[in-house]
Every structure is written in C-alpha cells, then in structure tokens.
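Chemist: model the structure of this input:
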Amino acid sequence: MTVIEDTPLAKKLGAFVALSTSDLSLLSGLHRRRKALVAGRDLVHQGQSDQIAYILAAGWVCSYKILPDGSRQIVDFQIPGDFLGLRSALLHTSDRSIESVTDIEVSEVLVRDLLNVFAQNLRLATAVLWAASRDEAMVVEHLVNIGRRSAVERMAHFLLELGSRLTLVGMGDKSGYTCPLTQYHLADALGLTAVHVNRVLRQLRENGLLTFRNGVVTFDNYQGLATLVDFDPTYLDQTGPLLK
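Modeler: Residues are numbered from 1 along each chain as shown. Predicted coordinates for the structure are as follows:
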C-alpha cells in the first residue's frame, strides 16, 4: 500500500468512494504544502479572508466563536482526515476561528487547486460533498445535544460520536480511544461548566459505562452507553463505499 492510502483523509473518503489509483494520485497532490503548528495557536482567525482550506493530517483542532462577553463556544473538534475551513474558503470569509488543541500538521490547499481536482474527478468531488454533508448532520446532532439532552446525555452522545469518527480513520474502536481534550474543552463544547463536566464524567464512571482518565476514553459498557442516549450512528453514514 502507498503512503496516501494510509492517510486519514483517504480512509475517510474511502468510506464513501472506493478510491482508485488515479483518485489517490489526485489526493496526494493536495498534500504538497505541509505546515506544522504547536498546540494553542490559531490556524484560522474569525473574519479571515484567505481562500485557503486545510486538511488535518495529524493532531486535533477545535473550531470556535468568541462571544461579546469573552466566553467561548466550541462548535466542533476536528480530527485527522477532516477538512478545515472549507466552507469559509469557498465563501471568502471565515465565520469562526480554528485553534490547535495539540501540536498539529496540516496540508494547505488553495481553493483553485481544490476546484481543479473537482473538475478532473467527479467521484472525489462527490466524496468531499459527502464529507461536508456528514459534517452538517453532526451540527444538527450538536444542536439537539445542547438544546434538549441532559448533561449526562450530552457527554455520552458526544464521546460516542467522537469514537465513531475516530474508528473510521483507524484511531479508535468500541473499546475506546486516545483523547487529548480537557474538561474545559468539553465544557465549552457542551455548554457546561468544568465542574459540571467533572461531575458528569464521575457519574458515567460510577455507573460502569465510561471512564475518561489520563487522556484515554474507555467504553466500559458500549452498548449500555449507546442505549442510555439512544445513540444511532446512521447520521455518520460510514457503513461502506456507496460508489464502487
């Protein structure tokens, strides 16, 4: 297997399209410009107008908005294989900031290069559209999470979703995964306080469902946790290539 076949992006898009040699060659071309960033730095600033998107090759980032009172709402976390700033690059202005949670490595993709790939390969264009549609489906679930689910349900659903996303790119399974997020990250993403996050995680642990300790999420009872929040991963649409 070539290097590109092992990348998180290829694994992710391969869940929708059975990637051919020519598909992989075009994907490889998007990884030409590499950039590294240490943890805690902004890769993209809200209001930025550069027509550049990124592919996250290694590490974790978060997308967030700062409110007038200085508080932060994390919109989502991105993991290896995800596009960063794609929507904002196409619409010319970034509507959110993107910060590295860990040290990261990204591939910088000019919009013109991405559009050129789309023009050459409709299958890859369709796969990227699928990825964007999947991201939109996750936003819907996040709105339901914050608006209607209890604190325990929010946490359980969020960590189950992360597990499914990481499994797709070979970084997790139903036993658990490595997770660099702090309780403050979880609080800003789930609309809770850090103290409440601590209490919720303790409750899940004491109920024998999930343990989050020393940067590792362990599903002590995956099915029980999924039943608790009625977790249905259908919206993540990763059951296998739809285009052969």
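Chemist: from now on I want contacts and neighbour counts done on CA atoms only, so please keep to that.
Modeler: Fine.
Chemist: would you map the helices across this structure?
Modeler: Taking DSSP state H as the criterion, the chain contains helices spanning 8-13, 21-29, 86-90, 111-120, 122-148, 151-168, 183-190, 194-206, 222-228.
Chemist: mind checking how far the first one is from the chain centre?
Modeler: When distances are taken as C-alpha atoms, centre = their mean, to the nearest Å, helix 8-13 is centred 12 Å away from the chain's centroid.
Chemist: what about that helix, average pLDDT?
Modeler: Here helix 8-13 scores 91 as its mean pLDDT.
Chemist: contact partners of that helix?
Modeler: With contacts defined as C-alpha atoms under 8 Å, 6 or more residues apart in numbering, helix 8-13 is touched by 4-5, 19, 24, 27, 55, 57, 80-82, 127-128, 131, 168-170.
Chemist: now do the third one
Modeler: Contacts of helix 86-90 with the rest of the structure, by C-alpha under 8 Å, 6+ apart, involve 49-54, 94-95, 111.
Chemist: in it, which residues are buried?
Modeler: In terms of neighbour count (16 or more other C-alpha atoms under 10 Å), helix 86-90 has its buried residues at 86, 88-90.
Chemist: likewise for the fifth one?
Modeler: Of the residues in helix 122-148, those buried by neighbour count under the rule 16+ other C-alpha under 10 Å are 123-128, 130-132, 134-135, 138, 141-142, 145-146.
Chemist: residues in contact with residue 151?
Modeler: The neighbours of residue 151, taking C-alpha under 8 Å, 6+ apart as the test, are 192, 200.
Chemist: for it, report the pLDDT, please.
Modeler: Residue 151 carries a pLDDT score of 97 in this model.
Chemist: for it, give its distance to residue 199.
Modeler: 10 Å (C-alpha to C-alpha, to the nearest Å).
Chemist: just residue 175 next, same as before
Modeler: Distance, residue 175 to residue 199, by C-alpha to C-alpha: 22 Å.
Chemist: okay, and the helix or strand of the protein with the least pLDDT?
Modeler: Lowest on mean pLDDT, DSSP states H and E among the helices and strands of the chain sits helix 86-90, with a mean of 76.
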